[in-house]
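**Q** following is a predicted model, sequence given first.
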Amino acid sequence: MRIMVTGAAGQLGGAIVQRFGSAHDVLPLTRGDLDVTREADVARTVAAERPDVIINCTAYNDVDGAEAHAREAFEGNALAVLALARAARDISATLVHYGTDFIFDGLADRPYIESDPPRPASVYGMSKLLGEWFAADASAHYVLRVESLFGGPRARSSVDRIIDAISGGQPVRAFSDRTVTPSYVNDVADATARLLDGRPEPGVYHCVNSGTTTWLGLAEEVERVLGRRADLQPVAVASVPMKAQRPQYCALSNRKLAAAGIPMPTWQDALARYVAGRRQATVTSSGSGN
Ligand SMILES: NC(=O)c1ccc[n+]([C@@H]2O[C@H](COP(=O)([O-])OP(=O)(O)OC[C@H]3O[C@@H](n4cnc5c(N)ncnc54)[C@H](OP(=O)(O)O)[C@@H]3O)[C@@H](O)[C@H]2O)c1
């Protein structure tokens with residue numbers, strides 16, 4: 001398959017390029033190659049390259065910044081997806097796009113399923129929801145809702161910050177009352193590949209690691225995996241002022257994906273593999289004398 005990956009230098013984009021690179025003809029596009037908010041450039045590039053699949057990993061991800069920059073958020077998270085979907089439709093390509101748990105209100109008492117009504121409480125959430133809807137303009141589309149991504153090549157996620165702090169003997173302040181389902185980018189990339197192989201019914205799928213936790217629970221698991229005792233300080237969501245409102249309970253159920261033959265590993269398993277990979281990378285780079 002010929003696969004165009006937009007946002008190829010991002011956390012997930014890097015993992016997608018790596019996952020598909022060896023078996024497919026992959027065209028990785030960074031922002032410098034293609035700004036997806038430029039509709040005419042999107043149409044021209046897609047028409048010229050004629051990919052079978054477009055995997056869109058771009059996003060305006062500044063959740064707090066979006067409150068004051070709604071136009072940029074809607075251009076990046078919604079109008080850009082519309083341009084990609086229409087360009088994909090013109091050449092009958094499949095569009096894969098990634099959504100977020102921030103489209104939900106966070107008031108649930110069980111993991112959200114795909115048919116739960118979206119009620120975003122932030123500009124970012126609204127812009128991402130519109131992007132999901134626009135993705136359906138492609139002739140075939142998959143929207144994979146992910147959450148709390150970690151494991152990208154630049155190691156800059158909240159999970160990385162927790163790992164780095166515990167490794168360095170620093171205290172960790174973590175929400176004890178925010179429930180999440182973290183998503184390892186390599187597992188999301190694998191699921192994307194299996195989805196494109198199996199081609200279940202197009203539409204929205206929750207694509208997160210299995211199980212739920214709080215950020216404090218995740219920090220405790222990092223402590224266990226690293227075998228280091230840490231100064232973990234529980235924090236309540238209500239005690240931290242933030243510009244954008246975030247869903248407090250935002251676990252997603254991936255049962256629909258499992259029913260399509262794509263079960264997701266648990267977040268604990270994903271975290272252990274990621275920490276082991278980071279350790280291996282450290283040993284390799286210090287052993288190489290660089
Ligand atoms: N990170 C999370 O925890 C999380 C949670 C829920 C959903 N998601 C969704 O998952 C997907 C991947 O997120 P991520 O964490 O991998 O994002 P990321 O690391 O911020 O990467 C996004 C990439 O898109 C590029 N980009 C942004 N605007 C662009 C534009 N107009 N044209 C071309 N490229 C552009 C960025 O380039 P620059 O570096 O130059 O800006 C960056 O390389 C997104 O749809 C995101 O909304 C992420």
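**A** Thanks, I have it.
**Q** once you drop chain neighbours, what's closest to whichever residue of the stretch 151-290 of the chain sits closest to the ligand?
**A** Minimum separation of the stretch 151-290 of the chain from the ligand (CB to the nearest ligand atom) falls at Gly152, amounting to 6.0 Å. All C-beta atoms are positioned from the backbone trio N, CA, C, and that covers glycine. The shortest distance from Gly152 to any non-neighbouring residue, by CB to CB, 6 or more residues apart in numbering, is to Gln11 (3.0 Å).
**Q** circling back: hang on, the residue of the stretch 151-290 of the chain closest to the ligand packs against Gly10?
**A** Yes. If you go by CB atoms under 8 Å, Gly152 and Gly10 touch, sitting 7.1 Å apart.
**Q** who has more neighbours out of those two?
**A** Gly10 (23 against 19; other CB atoms under 10 Å).
**Q** can you show me the helices along the stretch 101-250 of the chain?
**A** With DSSP state H, counting those that start in this stretch as the criterion, the stretch 101-250 of the chain has helices at 123-135, 158-167, 185-198, 215-226.
**Q** state the phi and psi torsions of Ile262.
**A** For Ile262, the backbone dihedrals (degrees, to the nearest 10) come out as phi -130, psi 80.
**Q** what comes up buried for stretch 252-269?
**A** Across stretch 252-269, burial judged by 16 or more other CB atoms under 10 Å covers Leu252, Ser253, Asn254, Lys256, Leu257, Ala260, Ile262, Met264, Pro265, Trp267, Gln268.
**Q** about what we covered before: neighbours of the residue nearest to Gly152, how many?
**A** Counted with other CB under 10 Å, Gln11 comes out at 22.
**Q** state the distance from it to Gly227.
**A** 26 Å (CB to CB, to the nearest Å).
**Q** got the contact list for the residue lying closest to Asp105 once chain neighbours are set aside?
**A** With CB to CB, 6+ apart as the criterion, Asp105 has its nearest non-adjacent residue at 4.0 Å, and that residue is Arg119. By CB atoms under 8 Å, 6 or more residues apart in numbering, Arg119 lies in contact with Ile103, Phe104, Asp105.
**Q** can you pull the pLDDT of Arg119?
**A** On pLDDT, Arg119 comes in at 98.
**Q** could you pull out the strands for the stretch 1-150 of the chain?
**A** Here the stretch 1-150 of the chain has its strands, by DSSP state E, counting those that start in this stretch, at 2-6, 25-29, 53-56, 94-100, 140-146, 149-150.
**Q** oh sorry, the question was meant for the stretch 151-290 of the chain
**A** In the stretch 151-290 of the chain, the segments counted as strands under DSSP E, counting those that start in this stretch are 172-175, 179-180, 183-184, 203-206, 213-214, 232-235.
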